[in-house]
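**Student:** Okay, structure incoming, though there's no sequence with it:
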Ligand code: AMP
């Protein structure tokens, strides 16, 4: 799906809304969460609009893989790779997905409990 003017994350990719960008590559952009829930809390998103994991097509394999590899790189640059970190992809209403543009939360810098709430 093309960029959507009603999607806040598409607008960040387009540079229409400011964000604290920490990583960019061909497929992804990563920026700090506006309301961090951990000392390191970065969102990695695809440049192209995909509403959720459930909306990803088999042909999106490259971009979905790029999201995880970008999350790996963000964790390393942010200094949490060695100690450990959590990747979260809230998907759909029951998981409280609030922004309907796929995003991987990269969270670290504190002890992560299990199970999550
Ligand atoms: P989720 O609940 O998984 O959909 O997560 C959406 C996340 O996006 C939340 O953690 C918000 O704090 C974050 N968020 C919403 N708008 C922005 C923004 N403009 N810049 C950075 N983070 C944002």
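**Tutor:** Thanks, I have it. From a predicted model like this one, the values you see are computed outputs, not experimental measurements. Residues are numbered from 1 along each chain as shown.

**Student:** Contact residues of this protein facing the ligand?
**Tutor:** 8, 17, 19, 31, 33-35, 43, 90, 96-99 (C-beta under 6 Å from any ligand atom). For the C-beta atoms, the positions are set from N, CA and C on the backbone; glycine is no exception.

**Student:** Show the buried residues in those residues.
**Tutor:** Buried by 16 or more other C-beta atoms under 10 Å: 19, 31, 33, 43, 90, 97, out of these.

**Student:** The second one belongs to a strand, doesn't it?
**Tutor:** It stands for residue 31. Yes. Under DSSP: H, G, I helix; E, B strand; the rest coil, residue 31 sits within a strand.

**Student:** and the gap between it and residue 82?
**Tutor:** According to C-beta to C-beta, to the nearest Å, residue 31 and residue 82 sit 23 Å apart.

**Student:** ok, which stretches of this protein are helices?
**Tutor:** Shown for the chain, the helices assigned by DSSP state H span residues 8-13, 61-77.

**Student:** Buried deepest among those helices, which one?
**Tutor:** Stretch with highest mean neighbour count among the helices of the chain: helix 8-13 (a mean of 19; mean count of other C-beta atoms under 10 Å).

**Student:** And the contacts of that helix?
**Tutor:** The contact list for helix 8-13 (C-beta atoms under 8 Å, 6 or more residues apart in numbering) reads 3-5, 17, 19, 29, 31, 43, 45, 47, 49, 99, 101, 103.

**Student:** Nearest to residue 109 among those residues?
**Tutor:** Set against residue 109, the nearest of those by C-beta to C-beta is residue 43 (15.2 Å).
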